[in-house]
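J.: Build me a model:
(one chain, ligands or ions: 2)
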Amino acid sequence: PLNTTLTAVRHFLRDDDLSPAEQAQVLDLAEAMKKDRYGHRPFAGPMTVAVLFDKHSTRTRISFAVGIAELGGHPLIIDAAGSQLGRGEPIEDTARVLERQVAAIVWRTFGQERVEAMASASSVPVVNALTDEFHPCQILADLLTVREHQGGTAGRTLTYLGDGANNMAHSYLLGGATAGMHVRIAAPAAHHPDPLILNRAAGIAATTGGSVTVLTDPAVAVAGTHVLATDTWVSMGQDGKDERVASLMPYQLNAEMLALAAPDAIVLHCLPAYRGMEITADVLDGPRSVVWDQAENRLHAQKALLQWLVTR
Ligand code: CP
Ligand code: NVA
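T.: Ligands and ions are numbered 1, 2, ... in the order given. You can find the predicted model right below:
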């Protein structure tokens, strides 16, 4: 294994795998890397980072490939369907092959237990590039974007509207609480967050000065908020689109909702967006939207995360 230091290997499988101080370190490093884009080459050699996909991706695939190259490393992008993993080779055996050749393993897959199994068998860092339960790399990019447009994260309010039980909602709860934000999730009762994750986020918020709240009234949830966020109503691998659209339509991020937020509120969407469904075109493409900065920030946040995990 390449990671032969005495420090125990660290993985990034969910947002709370970084303490508040560690998350701040990674975001500080991301800001420094964004200012000096080609000046950080800790993976020169090059070290290889494997990036595996069990699901579709545009932003994650691009930002990891570009970022690993900018760190001086070599990105090895693997569509799992074309690998033996996709034919049922055990996750742990895949980890044993990879750990002797790569500096880190990045994986987008289905259940969280799959990235946990990979991490348990790997002596190199494993990074969650989206599971059914969490999307922690996205939240690092979102927090970087909030820093840039709102001057910081602590004490700011972030309201997420829509599917409150998906990966983005869960990661906003954990990652936002870690950053000291007041996170509000507005969703119908059938789409409320996993209570275990909500409780964990509340525990973190109690130590950072943040808070977490789940509401059913979207107008109450957006009142005075600094950050408005939403995500697709039908995540990859989910079905029941008709029920979801019918019950989530009152939570659409539209001009009416934006008007209730703080005057300088920003709009986030991890993308891909479905205009006319979870967000209207006028809001997504309007002056309060920072979604293209947000998409770019995947690059800077993940470069910082990889350097932090691999060279610590
Ligand atoms: N936001 C995000 O993860 O986008 P992709 O699915 O395109 O990677
Ligand atoms: N919740 C969405 C995010 C896509 C980046 C999904 O899992 O499909």
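J.: confidence score at the residue nearest in space to the middle of the chain?
T.: Centroid-nearest residue in the chain, with CA atoms, centre = their mean: Q138, separated by 2.4 Å. For Q138, the pLDDT comes out at 99.
J.: tell me which element it falls in.
T.: Secondary structure from DSSP states H and E places Q138 in helix 136-150.
J.: Which neighbouring elements make contact with that helix?
T.: helix 20-35, strand 126-128, helix 167-178, strand 227-230, strand 266-269, helix 291-311 (3 or more CB pairs under 8 Å, 6 or more residues apart in numbering; DSSP states H and E). Yep, even glycine has a C-beta here, placed from its N, CA and C like the rest.
J.: which ones are touching the residue nearest to the centre of the chain?
T.: Q138 sits next to L130, M168, S171, C270, R298 when contact means CB atoms under 8 Å, 6 or more residues apart in numbering.
J.: From S171, how far out is it?
T.: Distance, Q138 to S171, using CB to CB, to the nearest Å: 7 Å.
J.: ok, back up a step: dump the contacts of Q138 into TSV; add neighbour count and pLDDT as well.
T.: Formatted as TSV, those follow (neighbours: other CB atoms under 10 Å; pLDDT from 0 to 100):
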residue	neighbour count	pLDDT
L130	26	98
M168	25	99
S171	30	99
C270	25	98
R298	26	99
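J.: Ligand 1 next: which of these are close?
T.: L130, C270 (CB under 6 Å from any ligand atom).
J.: Turn the contacts of Q138 into a markdown table, columns for distance to ligand 2.
T.: Listed next are the contacts of Q138 as a markdown table, based on distance: CB to the nearest ligand atom, whole Å:
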| residue | distance to ligand 2 |
| --- | --- |
| L130 | 6 |
| M168 | 5 |
| S171 | 10 |
| C270 | 5 |
| R298 | 10 |
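J.: Nearest to ligand 1 among the contacts of Q138?
T.: C270 (3.8 Å; CB to the nearest ligand atom).
J.: distance of the residue nearest to T208 when sequence neighbours are not counted from ligand 1?
T.: Leaving aside its sequence neighbours, T208 sits nearest to G180 (CB to CB, 6 or more residues apart in numbering; 4.1 Å). Using CB to the nearest ligand atom, to the nearest Å, G180 is found at 24 Å from ligand 1.
J.: which bits of this protein sit near ligand 1?
T.: S57, T58, R59, T60, L130, Q138, C270, L271.
J.: can you map out the helices along the chain?
T.: 20-35, 59-70, 91-98, 112-120, 136-150, 167-178, 195-208, 218-222, 241-248, 255-260, 281-284, 291-311 (DSSP state H).
J.: Deepest in the core, which of the ones you listed is it.
T.: Highest mean neighbour count of those: helix 167-178, a mean of 29 (counted as mean count of other CB atoms under 10 Å).
J.: so how far is that helix from its chain's centroid?
T.: Centroid separation for helix 167-178 versus its chain: 8 Å, with CA atoms, centre = their mean, to the nearest Å.
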